[in-house]
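Trainee: coordinates for the following, if possible.
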Amino acid sequence: MEVARKKLVRLAKRHGIALRQTYARQGPALSRKAGRYAHAQDEFGVKVGIAVSACKGLIVGARSFPGNPYDGDTLAEQLEQTRGLLQDVNVIPQVAIVDLGYRGREVDGVQILHRGKAKTLTRRQWGWINRRQAVEPVIGHLKQDCRLNRCYLTGAQGDALHVLGCAAGYNLRWLLRWIAFLRAWLQAMRARSSTSSSAVWQRTMAFGA
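Mentor: Numbering: from 1, shown residues only. Okay, the predicted model is just below:
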């Protein structure tokens, strides 16, 4: 079967034919899918929701959704987790910037913004929507640097713990980068102040002489 599939893919490439086929196998805690193309590699995965702050890119919510639900059906649960994580710092999410997969979904107390509401959006809200793309690099770093793309824990609980661990690791990297930036800024300001003070001292000595 594998040999026949490879021959079919080879012939399709030779004649410029795009093969589109979806493979799916549902298991107790694992789903298998090979994307849209027949020659794509099989991948095992579970849907993950990520909530990121719009200004600084800090992860404020991360959870797994077993069973591959529709994107719009996960919005309320994701915002509920985000509220729970931010209640200790007295921050309440009031605006959620999402893609078109969440169109038609509303959550009490939270304003949902996406490009589907183009006719009713203000210029400021369009600026917020343009910031939605900032979540894509975060997802890429989670997959590559924090190893979100491969989970070695079993079951739905293992998937949930793996997502939380990856998000915590990303936030630690984020915090270390800001500490390094603050340290470099303080060193630069200290060097600048010492240089200016020495210049003032030299001018004073020259004036006194």
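
Trainee: CA atoms for contacts and neighbours, from now on please.
Mentor: Fine.

Trainee: Ala160: neighbouring residues, count only.
Mentor: 19 (other CA atoms under 10 Å).

Trainee: same thing with the one 10 residues further on?
Mentor: If you count neighbours by other CA under 10 Å, Tyr170 ends up with 20.

Trainee: any idea which helix or strand carries it?
Mentor: If you go by DSSP states H and E, Tyr170 is part of helix 155-208.

Trainee: what mean pLDDT does that helix have?
Mentor: The average of the pLDDT scores along helix 155-208 is 82.

Trainee: just checking, what packs against that helix?
Mentor: strand 59-65, helix 135-144 (3 or more CA pairs under 8 Å, 6 or more residues apart in numbering; DSSP states H and E).

Trainee: got the angle between the helix or strand following the first one and strand 59-65?
Mentor: Read it as strand 59-65. Downstream of strand 59-65, the next assigned helix or strand under DSSP H and E is helix 75-86. If you take axes from the mean of the first three to the mean of the last three CA atoms, to 10 degrees, helix 75-86 sits at 140 degrees to strand 59-65.

Trainee: and Cys146, which of the three is it?
Mentor: Secondary structure state of Cys146, per DSSP: H, G, I helix; E, B strand; the rest coil, is coil.

Trainee: any idea how far it is from Ala167?
Mentor: For Cys146, the distance to Ala167 equals 8 Å [CA to CA, to the nearest Å].

Trainee: ok, now Asn149?
Mentor: On the measure of CA to CA, Asn149 and Ala167 end up 12 Å apart.
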